[in-house]
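A.B. asks: Predicted coordinates and the sequence they were generated for:
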Amino acid sequence: MKRALWLFVAAAPLAAQEPAAGIGTTARTGVVFDGYYFGPGFAFDHVVEWTVPVTLSRRFGPRLTVDVATAYARASAATGGRTLELSGFTDTDVRASFAAVPGHLVLSVVGTLPTGKKTVSDSTVPLLSALATDLLDFTTPTFGSGGGLTGGFAYAVKLGERWAGGVGASYRWHASYAPVATTGDLKPGGEGRARLGVEGPVGGGGYFRGAVVYTASGADTLSGGGGSRSLTGDRILVYSGVSLPAGRSSLSFYAYDMHRFRPRAYNSTNTVVVQVPRGNVLALGARLERPLSPALNLAPNVEFRHELADTSAGNLKLLGWLVRPGIDMRYRASGTVAFLFQGQAAFGRLANNGSSVSLVGPRAVLLLEWSR
C-alpha cells in the first residue's frame with residue numbers, strides 16, 4: 001500500500017517519529033477512486049481503481065504505538081476490446097513503534113501479513129503493470145505478496161538552538177510466493193534503507209524539512225524460470241519542503257526526486273538475469289491551507305510530475321508527465337469525528353511508440369476519521 005492509503009505527507013516531522021501523545025486511538029476508513037483515460041492508439045482505453053482503506057492506530061502508554069493497515073481494492077482496465085479485472089483484500093501491515101529514548105530513539109517493527117491476493121492469472125499482468133507505474137501513482141499498486149518483516153530505528157538530535165537532525169535505517173525481508181499462476185515461486189531480495197533528515201525554522205516565520213533516503217535491494221529469483229533473476233539498481237530519493245505563513249493561511253512548497261541507478265555488476269555470462277532499467281521520477285508541488293472556520297479547513301493544491309526511463313541506447317527518455325490540480329477539505333464534525341474530502345484531476349501525456357498520447361486522471365477521496 002502506498003501513501004494515499006494513509007494520506008500522510010512524504011517527510012514527517014522528526015518529532016513525529018515517536019509515538020504521539022494525547023490521542024489514544026485513531027481509526028480511519030473511506031473510499032478512494034483513481035482513474036486514467038487515455039487518447040486513441042494507446043494500449044489501454046482506461047484504467048480505474050477503487051480502494052477502501054482501513055487503518056487503526058492505538059497508543060499504549062507514552063512509549064508504545066501499534067498501527068494496523070489493510071484495504072479492499074478493485075481495479076479494471078479496457079484494452080484491445082476486452083476488460084481486465086482484479087479485486088480482493090490487500091496485505092495487512094502491523095507496525096509497532098517504541099520510544100526507547102523519548103525524544104531521541106525510536107525502534108520499529110512491521111509485520112506484513114499475506115492477507116492479499118498473492119497469485120493472479122496471466123491475463124491480469126498488464127493491469128498490474130499499469131497500476132505499478134510511478135507516474136500514475138495509483139493508491140493500491142499491488143494486491144498481495146508472501147508477506148514479510150521489517151525492522152528499523154530512527155534517532156533524532158538537536159542541531160543548535162532551533163534545528164533538529166535525524167538518521168534512520170531499516171531492513172525488510174520478503175517471504176516467497178507465486179505471483180502468477182503459471183510460473184514458479186518468486187523469492188524477492190531483501191531491501192535495506194537509510195535516511196538522513198533535517199528540519200527547522202527559516203526567516204519570516206517559515207519552516208523547512210529535508211531528507212535523503214537511500215535504498216538498496218537484493219536480486220529477485222524465480223524458481224520456475226530456470227532460476228532466472230531480476231536485479232534492481234539502488235535508489236536515492238531527495239525530498240525538501242518549506243511552509244510559509246500567508247496571513248491566516250499557510251503556503252507550502254515541496255519537491256522530491258527519486259533516481260534509480262543501473263543494477264550492480266553481475267556475471268554477464270548469466271543470460272537469465274534481467275536488469276530493471278535505470279529511471280527518474282520528479283515531483284514538484286504547492287499547497288495553500290486556509291481555515292474557513294474552527295471546524296472547516298480548505299487546501300487547494302497542485303503537483304507536477306514526470307518520469308524518465310533508460311533506453312536501449314543508454315539514454316534517459318521521457319515516459320510521460322502530468323499536472324494534477326486539486327482541493328482538500330477537512331471538516332471536524334465533533335471532538336472525535338472528522339471528514340476528509342480530496343478531489344483532483346490530472347492532465348498530461350504518455351510516450352507511445354515514438355509519439356505520445358493524452359491522459360486525463362480524476363481522483364476522489366472521502367475518508368472518515370474517529371479518534372479519542
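C.D. replies: Done, it's in.

A.B. asks: buried set for stretch 29-42?
C.D. replies: Under the neighbour-count criterion of 16 or more other Cβ atoms under 10 Å, stretch 29-42 has 30, 32, 34-38, 42 buried. In short, each C-beta sits where N, CA and C put it, glycine included.

A.B. asks: Report the beta-bridge partners for W50.
C.D. replies: W50 forms beta bridges with F33, R74, as assigned by DSSP bridges.

A.B. asks: er, A69 actually
C.D. replies: Beta-bridge partners for A69, by DSSP bridges, are T55, D93.

A.B. asks: what number of residues lie near it?
C.D. replies: Residues within reach of A69, counting by other Cβ atoms under 10 Å, total 20.

A.B. asks: Is it correct that it is in contact with T29?
C.D. replies: No - contact between A69 and T29 fails when scored by Cβ atoms under 8 Å: they sit 10.7 Å apart.

A.B. asks: Touching both of those two, which residues are there?
C.D. replies: Common contact partners of A69 and T29 (Cβ atoms under 8 Å, 6 or more residues apart in numbering): 53-55.

A.B. asks: So among those residues, which ones count as buried?
C.D. replies: So, by 16+ other Cβ under 10 Å, the buried ones in those are 53-55.

A.B. asks: Format the residues you listed as JSON lines; extra columns: pLDDT and distance to R235.
C.D. replies: Shown next, in JSON lines, are the buried ones among the shared contacts of A69 and T29 (pLDDT from 0 to 100; distance: Cβ to Cβ, whole Å):
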{"residue": "P53", "pLDDT": "97", "distance to R235": "25"}
{"residue": "V54", "pLDDT": "97", "distance to R235": "29"}
{"residue": "T55", "pLDDT": "97", "distance to R235": "26"}
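
A.B. asks: just to revisit the earlier point, show me the two of the buried residues of stretch 29-42 that sit farthest apart.
C.D. replies: Across these, the two members that end up farthest from each other (Cβ to Cβ) are G30 and F42, 30.5 Å apart.

A.B. asks: Sort out which one of the shared contacts of A69 and T29 lies nearest L288 for me.
C.D. replies: Compare each of the shared contacts of A69 and T29 with L288 using Cβ to Cβ and the shortest gap goes to P53, at 25.8 Å.

A.B. asks: The closest one contacts A27, doesn't it?
C.D. replies: No - proximity of P53 to A27 does not meet the contact threshold set by Cβ under 8 Å, at 11.0 Å.

A.B. asks: which residues of the stretch 251-372 of the chain fall in strands?
C.D. replies: 273-275, 279-291, 296-310, 316-332, 337-352, 355-371 (DSSP state E, counting those that start in this stretch).

A.B. asks: For T139, find the nearest of these.
C.D. replies: strand 355-371 (8.4 Å).

A.B. asks: other SSEs contacting that closest one?
C.D. replies: strand 25-38, strand 316-332, strand 337-352 (3 or more Cβ pairs under 8 Å, 6 or more residues apart in numbering; DSSP states H and E).
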